[in-house]
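**Q** Let me see the structure of the following:
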Amino acid sequence: MREVVLDTETTGIEVREGHRIIEIGCVELVDRRLTGRHFHVYINPEREVEEGAFAVHGISDEFLADKPLFKDVADDFMHFVSGARLVIHNAAFDIGFLDAELTRLGGGHGRMADHCAVIDTLLMAREKHPGQRNSLDALCKRYGVDNSQRDLHGALLDAEILADVYLTMTGGQTALSLASHGAEQEGSSVGPGAIRRLDPDRPRLRVVHPNEEELAAHVERLAAIEKSAGFALWSTAPAE
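**A** Have a look, this model is predicted:
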């Protein structure tokens, strides 16, 4: 199963007023594992960024002046997302802007729904936590996801954060990727299921035991996972 966690930044909040996309950030998941592949681009929107939007993401007209137009990156973007299930927080917003950009291109590009399925993590969070705040920042706090670098909104950073939130919220187990960020996995000599044998003459590894504070943090994290998923793999299995 291939999923793409996606976020956009825009010149303003109303697509009906002609506001445009200025940044797209995506990260790829395959079978709920971060692959390290991502898509990220800034876009010249051919119009000014509203003051309120600038206060949110800090992306200026001057910065965007020499960036490509959407039509110049559309094929690469659609190639990256086509056939995947998109994971988006408040999907109606991002999909509305993407559909508007595709419509401007003409040429039978269709709509995003013609190319991808969509999961809205905002709707998912509202079902799991009715009556509570379900912004991305609120979900990070609820699930213990580090968002300390999020002083301003940025599409790629927010997509990376949302991926962590989504994986925790929908199952509690995430898999680490050994690939460097943005690196392709193709051509690797060690594929899934391959066995790498350690040198028997290697030095013994030092065992580091957790202190009380670390154990308490571990228990707190497991409680958060069990609250969202019902069971955490690392919890002690109930006696039969």
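**Q** Can you report how many residues lie near residue 154?
**A** The number of residues packed near residue 154 is 20, by other C-beta atoms under 10 Å. For the C-beta atoms, the positions are set from N, CA and C on the backbone; glycine is no exception.
**Q** can you tell me how far the nearest residue to it once chain neighbours are set aside sits from residue 34?
**A** When the adjacent residues along the chain are set aside, residue 154 lies closest to residue 57, with 6.6 Å between them (C-beta to C-beta, 6 or more residues apart in numbering). The gap separating residue 57 from residue 34 is 24 Å, by C-beta to C-beta, to the nearest Å.
**Q** Ok, residue 12 next?
**A** Distance from residue 12 to residue 34, by C-beta to C-beta: 31 Å.
**Q** More neighbours: which of these two?
**A** Between residue 12 and residue 34, counted using other C-beta under 10 Å, the more crowded position is residue 34 (21 against 18).
**Q** Dump the helix or strand that contains residue 167 to PDB, restricted to CA.
**A** Using DSSP states H and E, the element containing residue 167 is helix 155-170. What follows is helix 155-170, C-alpha atoms only, in PDB (Å, rounded to 0.1, in the frame of the first residue of the first chain):
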ATOM      1  CA  ALA A 155       4.600  22.300   3.600                       C
ATOM      2  CA  LEU A 156       7.400  19.700   3.700                       C
ATOM      3  CA  LEU A 157       7.900  20.000   7.500                       C
ATOM      4  CA  ASP A 158       4.100  19.800   8.100                       C
ATOM      5  CA  ALA A 159       3.900  16.700   5.900                       C
ATOM      6  CA  GLU A 160       6.700  15.000   7.800                       C
ATOM      7  CA  ILE A 161       5.000  15.900  11.200                       C
ATOM      8  CA  LEU A 162       1.600  14.700   9.900                       C
ATOM      9  CA  ALA A 163       3.100  11.400   8.800                       C
ATOM     10  CA  ASP A 164       4.200  10.800  12.400                       C
ATOM     11  CA  VAL A 165       0.800  11.800  13.700                       C
ATOM     12  CA  TYR A 166      -1.100   9.700  11.200                       C
ATOM     13  CA  LEU A 167       1.000   6.500  11.800                       C
ATOM     14  CA  THR A 168       0.500   6.900  15.600                       C
ATOM     15  CA  MET A 169      -3.200   7.800  15.400                       C
ATOM     16  CA  THR A 170      -4.000   4.800  13.100                       C
END
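**Q** And that helix, what does it pack against?
**A** In terms of contacts (3 or more C-beta pairs under 8 Å, 6 or more residues apart in numbering; DSSP states H and E), helix 155-170 is packed against strand 2-10, strand 21-30, strand 33-42, strand 85-88, helix 121-128, helix 136-143, helix 212-229.
**Q** Report the contact partners of the residue nearest to residue 154.
**A** For residue 57, the contact set (C-beta atoms under 8 Å, 6 or more residues apart in numbering) comprises 9, 22, 23, 152, 153, 154.
**Q** ok so, going back, for residue 75, which of the helices and strands packed on helix 155-170 is the nearest?
**A** Nearest of these to residue 75, taken as C-beta to C-beta: strand 33-42 at 11.9 Å.
**Q** Distance from the chain centre to the closest one, please.
**A** 9 Å (C-alpha atoms, centre = their mean, to the nearest Å).
**Q** before we move on, back to that, out of the helices and strands packed on helix 155-170, which is closest to residue 104?
**A** strand 21-30 (10.6 Å).
**Q** Which other helices and strands does that closest one contact?
**A** Looks like strand 21-30 contacts strand 2-10, strand 33-42, helix 70-81, helix 91-105, helix 155-170 (3+ C-beta pairs under 8 Å, 6+ apart).
**Q** what's the neighbour count on the closest residue to residue 82 other than its chain neighbours?
**A** If the residues on either side of it in the chain are set aside, residue 82 comes closest to residue 115, at 4.6 Å by C-beta to C-beta, 6+ apart. Using other C-beta under 10 Å, residue 115 has 16 neighbouring residues.
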